[in-house]
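**Q** Sequence and predicted structure below; questions after.
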Amino acid sequence: MQKRVRQVHRWTSIVFTATVVVTFIVLAQEDPLVWVSYTPLPPLALLLFTGLYLFVLPYTRRRAAGRPE
């Protein structure tokens with residue numbers, strides 16, 4: 001499962017970067033669509049959860065192995 005989460009995190013970061021670039025381009029137009037500024041939020045939320053999981057993973061492994069923190 002760890003490998004799968006890492007892959008999702010990597011691909012989501014690419015999608016997030018692309019949505020941010022598109023948002024900058026759209027908002028730089030003369031008559032911008034304001035709702036486009038919300039498009040980076042779903043990938044950002046997914047990045048938050050997968051990133052937190054990957055951050056906590058080493059600590060849970062240590063605890064499961066019985067080693068002190």
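**A** Thanks, I have the structure now. Please read these numbers as outputs of a predicted model, since none were measured by experiment.
**Q** which residues of the protein score low on pLDDT?
**A** Low-confidence segments of the chain, defined by pLDDT under 70, span residues 65-69.
**Q** Quick check: nearest residue in space to the residue sitting nearest the centre point of the chain, chain neighbours excluded?
**A** Geometric centre of the chain, nearest residue: Leu47, 1.7 Å, by CA atoms, centre = their mean. Take Leu47 and drop its neighbours on the chain: the residue closest to it by CB to CB, 6 or more residues apart in numbering is Thr12, 5.4 Å away. Glycine gets a C-beta too; all of them are placed from N, C-alpha and C.
**Q** on that earlier part again, and the gap between the residue nearest to the centre of the chain and Gln29?
**A** From Leu47 across to Gln29, the span is 27 Å (CB to CB, to the nearest Å).
**Q** do Tyr53 as well
**A** When CB to CB is the yardstick, Tyr53 and Gln29 sit 37 Å from each other.
**Q** Same question for Arg62.
**A** Where Gln29 is concerned, Arg62 sits at a distance of 51 Å (CB to CB).
**Q** same deal with Tyr38?
**A** If you go by CB to CB, the gap between Tyr38 and Gln29 works out to 16 Å.
**Q** Ok, Leu52 next?
**A** Between Leu52 and Gln29 the computed distance is 35 Å (CB to CB).
**Q** how distant is stretch 4-13 from the center of its chain?
**A** The chain centroid and the centroid of stretch 4-13 are separated by 8 Å, computed with CA atoms, centre = their mean, to the nearest Å.
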